[in-house]
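J.: Make a model of this:
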Amino acid sequence: MKTMIWKELRENFKWAALAFAVLVLAEFYALSTGRQGSDNYNITLSGSTFLLVTSFGCALVGAAIGTLQILPELRRDQWAALLHRPVTRSTIFFGKVAAGLGLYFFAATLPFLASVAYVAMPGQFAAPLVPGLLLPGLSDVFFGMVFYFLALLLCLHRGRWLGSRGAILLSALPVFMLHLSSGWPFLLPIGASLVFLLAAWGAMLANGPMRDRPSLARIACVAVIFTGSYAALLLLGTLVQFLPRKPNSPPATYTNFQIAKDGQIFLSTQKGDGSGMSLTDMEGKPVTDERYVGNNNGQEFCQTLPLAWDLKRTRNLEKILPWRMPRNTMNYVRMVGRGYDSKETWFFLVAGNYFVGYDKLSRLCVGICDAKGFRPAGSKADPFPKKMQTSMWGFSRNQLYWSGTQLYSVNFSERSIKPVFNAKDDVICGAVNVAPAFDKDGLIAVALEKELRVFDSQGKPLLVTPYRHDTAIWGMLSIATNAAMNRVYLQYGPDFWARLSDPTVMKQLVFLDVIDLQGSVLNSYSHPAGNFSVTPPDWLHQFFIRTSPPVPALAGTIWHRVFPPDVPELDNPEYLRPSFVVAPGELPVLFVVAFVLAAFAWIKASRSGFSAKRAWFWSLFIFCMGLPAFIAFRLAADWPARARCPRCGRKRPVEAAECPGCHQAWPVPQTNGSEIFDIAAS
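T.: Take a look at the predicted model:
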């Protein structure tokens, strides 16, 4: 094997060196584009441009090295010369793999490590470097192995591009998409690489039919072809979706309260297709006053800020988002204090649970903010006792954060942090700085589980009022204040997640209470939540349902019912339906279709000369996995060569001793005088 490894290294090192140079240049260029500025979604190693380079770059490098190792040797007699060695095919294959992986990791890992070292150098980027920022790019490096083994399998597998080989190529698409969206940054690349490795190893050993491959290799190859078949079906449905279709439901309408600075309440209605917007008073009369309907950029209206998206679920999103969006920068670092006129940029370190600031000009750390307040750079951090949270709304110079039950007002420009309020036995569900205009100190509104509290900008209590609607149903709270800041406008909307999962919720009302600082409700208004019509399932929706594998769909649906997701919008089939979860009423149809396909496959396999064991195996596989498995059966099964039986006229396998139809042996061929060459020597 050592000889094989050195041969591969000697022949392919130049290509790895070329890939190394290209990746270094591409990654450093991607980092340089975000050097002058950044935002919550573009911080150094987790920037969108950098991850675009690592995800596609590593995949292309892995595929290129795998192809260059096999493809040139398939020409003419080079393949025969390769196999004409006193070693087994497994030795040759794993020697190539050992050398190929070494070349790949040289070409992909060293540029990534150089990028990490570049970002870690003081004065290069005005942003922190935490271990979490390395995870997305590092997972891309590991994911390149999948495309390396995919290239080996494509080169070694014998089949048509419009058949099994095309399905193998398409299998990379769902794996790649799952890698970008799943919460398994390293488990998925390693698991997928193992499957492709086994399939490629089997193709190397057999050099042809599936029946000659080891059992694990056959299973792996069938799994790859099944994935590619499923991807082909989904891709077909996605392409058809772009065809022009007549809408079968009226456009949705969005209705919102508009609060004027002088205290008037209006209703703003806008159609979802953007065809028009109207402003009416609460009696339904159109507003013609140019102060409100003119091109004044909303200067006459108060800003209404979300106070709590869902009073019962808001505090659970911190645990959900890292799993739903593992490549999101905000899982690790969040930009919290930044203004275009500010000389500093401050970040919140999620794992560290404290703040760190950087100078924009020198790009050096200027200090930290932790449980002991603002301190110089280099100080040992003393994290806040509990996870720091914020509503991330409002535009005041003082930003609100809370750790457990303690609410803080933080001014990063002046480097001041002061406690505002301690909820003690209650729970803080949201807090915002609400003012009649941008960038002005206003009121501090705090949403607790059962009541609303309002303070002035210095933290003096002004108002304590209970909620007048059931927050289990009306859990979306928004708040505004007038120009004199002696009124607060508290809006109750239907639960955010329920709006997505249950269309009937949209028929409920949105309430607006006008409350003075003594806690008296001066007025109360309401309007329907909206006209969010749900599109009835069309043929395309039915197509996706019918192609779902039955057994995984049953398991996913049961799991979904027993352990409901923390984000219930996934219950809505018209929104983000989770993989392999269908409505219970659709499951019988899936199994009926799968049974018909399985029966047809069994008949086809039996008539084609498959053994009873193989025929039942394929039938069971199709019954469990549905239409994609049936396509994989047509592509991956070894179909024996057949000829017509001289006795019954049906096609029979040429290798079988008896005809499956008439159970007769091949007739004795007629003599023509040349049989002397078939007579055994006596």
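J.: drop to CA atoms for contacts and neighbour counts, all remaining ones
T.: Will do.
J.: Pull up the gap between the nearest residue to Trp79 once chain neighbours are set aside and Gly62, please.
T.: Spatial nearest neighbour of Trp79, chain neighbours left out: Glu73 (5.2 Å); criterion: C-alpha to C-alpha, 6 or more residues apart in numbering. Taking C-alpha to C-alpha, to the nearest Å as the measure, Glu73 falls 18 Å from Gly62.
J.: Looking at those two, which has the bigger crowd around it?
T.: Gly62 (30 against 14; other C-alpha atoms under 10 Å).
J.: who touches that one in this structure?
T.: Taking C-alpha atoms under 8 Å, 6 or more residues apart in numbering as the contact definition, Gly62 lies against Tyr104, Gly144, Met145, Val146, Phe147, Tyr148, Ala151.
J.: How much space separates it from Trp15?
T.: From Gly62 to Trp15 the distance is 11 Å (C-alpha to C-alpha).
J.: For the spatially most central residue of the chain, which non-adjacent residue is closest in space?
T.: With distances taken as C-alpha atoms, centre = their mean, Ser181 lies nearest the centre of the chain, 2.2 Å away. Distances taken as C-alpha to C-alpha, 6+ apart place Met325 nearest to Ser181, at 6.3 Å, with adjacent residues excluded.
J.: do Leu620 as well
T.: Ala598 is the one closest to Leu620 (C-alpha to C-alpha, 6+ apart), at 6.9 Å.
J.: residue contacts, that neighbour?
T.: Trp618, Ser619, Leu620, Phe621, Ile622, Phe623, Phe630.
J.: In this structure the first one contacts Phe600, no?
T.: Same thing as Trp618. No - Trp618 is not in contact with Phe600 according to C-alpha atoms under 8 Å; the separation is 10.7 Å.
J.: about what we covered before: helix, strand or coil for the residue nearest to Leu620?
T.: helix (DSSP: H, G, I helix; E, B strand; the rest coil).
J.: likewise Met335?
T.: strand.
J.: Beta-bridge partners for the residue lying closest to it once chain neighbours are set aside, please?
T.: The shortest distance from Met335 to any non-neighbouring residue, by C-alpha to C-alpha, 6+ apart, is to Phe347 (4.4 Å). Beta-bridge partners recorded for Phe347 (DSSP bridges): Met335, Val356.
J.: one step back: determine the number of other residues adjacent to the residue nearest to Ser181.
T.: 15.
J.: any idea how far it is from Leu178?
T.: Going from Met325 to Leu178 by C-alpha to C-alpha gives 11 Å.
J.: ok, now Ser193?
T.: 14 Å.
J.: try Ala643
T.: 45 Å.
J.: Same check on Gln508?
T.: 37 Å.
J.: Between the two, which has more neighbouring residues?
T.: Gln508 (18 against 14).
J.: Pretty sure the more buried one sits against Trp474.
T.: No - applying C-alpha under 8 Å as the test, Gln508 and Trp474 come out as separate, 9.2 Å apart.
J.: residues shared between the contacts of those two?
T.: Pro494.
J.: quick one: pLDDT of the residue nearest to Leu620?
T.: You'll see Ala598 listed with a pLDDT of 94.
J.: ok so, going back, what is the most widely separated pair among the contacts of Ala598?
T.: Taking C-alpha to C-alpha, the two most distant members of the contacts of Ala598 are Leu620 and Phe630; they sit 10.6 Å apart.
J.: Looking at those two, which one has more neighbours?
T.: Phe630 (23 against 19).
J.: what's the closest non-adjacent residue to that one?
T.: Counting by C-alpha to C-alpha, 6+ apart, Ile622 is the residue found nearest to Phe630 once chain neighbours are left out, at 5.6 Å.
J.: For the one you found, list the residues it contacts.
T.: Ile622 touches Ala594, Phe595, Leu597, Ala598, Ala629, Phe630, Phe633, counting by C-alpha under 8 Å, 6+ apart.
J.: give the contact list for the second one.
T.: Think Phe595. Applying C-alpha under 8 Å, 6+ apart, the residues near Phe595 are Ile622, Phe623.
J.: Ok, the last one next?
T.: Shown in contact with Phe633 (C-alpha under 8 Å, 6+ apart): Trp618, Ile622.
J.: any idea which helix or strand carries it?
T.: According to DSSP states H and E, Phe633 maps onto helix 612-636.
J.: Could you do the second one as well?
T.: Phe595 belongs to helix 587-607 when assigned by DSSP H and E.
J.: Compile the contacts of Ile622 into a markdown table and extend it with columns for distance to Leu156.
T.: Output for the contacts of Ile622, formatted as a markdown table (distance: C-alpha to C-alpha, whole Å):
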| residue | distance to Leu156 |
| --- | --- |
| Ala594 | 32 |
| Phe595 | 34 |
| Leu597 | 30 |
| Ala598 | 30 |
| Ala629 | 23 |
| Phe630 | 24 |
| Phe633 | 20 |
